[in-house]
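Novice: 3D, please:
(one chain, ligands or ions: 2)
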Amino acid sequence: MNKCTRCGHVFSDDEREIETETHGLDSGPYESYSTCPMCGGEYETAAQCDLCGDYFLEEEMHNGVCDKCLIDSITYDSFLGFMKSTEGELERFCFKNIYGIEPPEETNIHLRNDLVQKYQDAKKMDTLCKGLSFICKINKYILEDKDTTELFAEYLKEVKE
Ligand SMILES: [Zn+2]
Ligand SMILES: [Zn+2]
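Specialist: Numbering: from 1, shown residues only. Ligands and ions are numbered 1, 2, ... in the order given. The predicted structure is shown next:
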């Protein structure tokens, strides 16, 4: 499939508009090129989002997951699941966003359990106060670092299967 970079229309190779450029010459061979059938704009190859199945350009996806699916999937619980399944992520996020200090070099199961508890408390504060400050931190943490965004997208694909 193809997607127009101007109007966003998605279309197959058969639907492409073939334009011929004669350069004012009476006979060929003529140059020909293809464009979007809707607007005549340029297009690029599009791939399917692994979660919703819609077509997107590569630059619109993170590891095969589109922006909308990725953002819609950010919840307290999905992020906690992601952190538990990714080495060091629980420590990195909680120390930065709950304690405001660098994580220690060494970790252990007791520390991790404490961090999960602190995480649940922060989630509860958001819920009780109808606040968004903690989920905003989660969104920022996932989206501001490209590697984290891609790892999170990878996790979403894993849990979907
Ligand atoms: Zn178009
Ligand atoms: Zn999607």
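
Novice: Near ligand 2, which residues of this protein are found?
Specialist: For the chain, the contact set with ligand 2 under CB under 5 Å from the ion comprises 49, 51-52, 66, 69. All C-beta spots, glycine's among them, are computed from the backbone N, C-alpha and C.

Novice: ok, then the element right after the longest helix belonging to the chain?
Specialist: Of all segments of type helix in the chain, defined using DSSP state H, the longest is helix 109-128. Proceeding C-terminally, helix 109-128 gives way to helix 133-143 as the next helix or strand, assigned by DSSP states H and E.

Novice: Show residues contacting the longest helix of the chain.
Specialist: The list of residues contacting helix 109-128 from outside it, by CB atoms under 8 Å, 6 or more residues apart in numbering, reads 76, 80, 84, 90-91, 94, 98, 104, 131-135.

Novice: Just the buried ones from those?
Specialist: 76, 80, 90-91, 94, 134-135 (16 or more other CB atoms under 10 Å).

Novice: Flag every residue of the protein that's near ligand 1.
Specialist: With CB under 5 Å from the ion as the criterion, the chain meets ligand 1 at residues 4, 6-7, 9, 36, 38-39, 41.

Novice: Can you tell me which of those residues is nearest Glu17?
Specialist: Ranking the residues of the chain next to ligand 1 by separation from Glu17, with CB to CB as the measure, puts Cys36 on top at 6.8 Å.

Novice: out of the buried ones among the contacts of helix 109-128, what pair is the most spread apart?
Specialist: Across the buried ones among the contacts of helix 109-128, the two members that end up farthest from each other (CB to CB) are Glu91 and Ile135, 19.9 Å apart.

Novice: wouldn't Ile74 be in contact with Asn139 here?
Specialist: Yes. Under the criterion of CB atoms under 8 Å, Ile74 lies in contact with Asn139, with a separation of 5.6 Å.

Novice: Looking at these two now, which is surrounded by more residues?
Specialist: Legend: neighbour count by other CB atoms under 10 Å for Ile74 and Asn139, higher for Ile74 (17 against 14).
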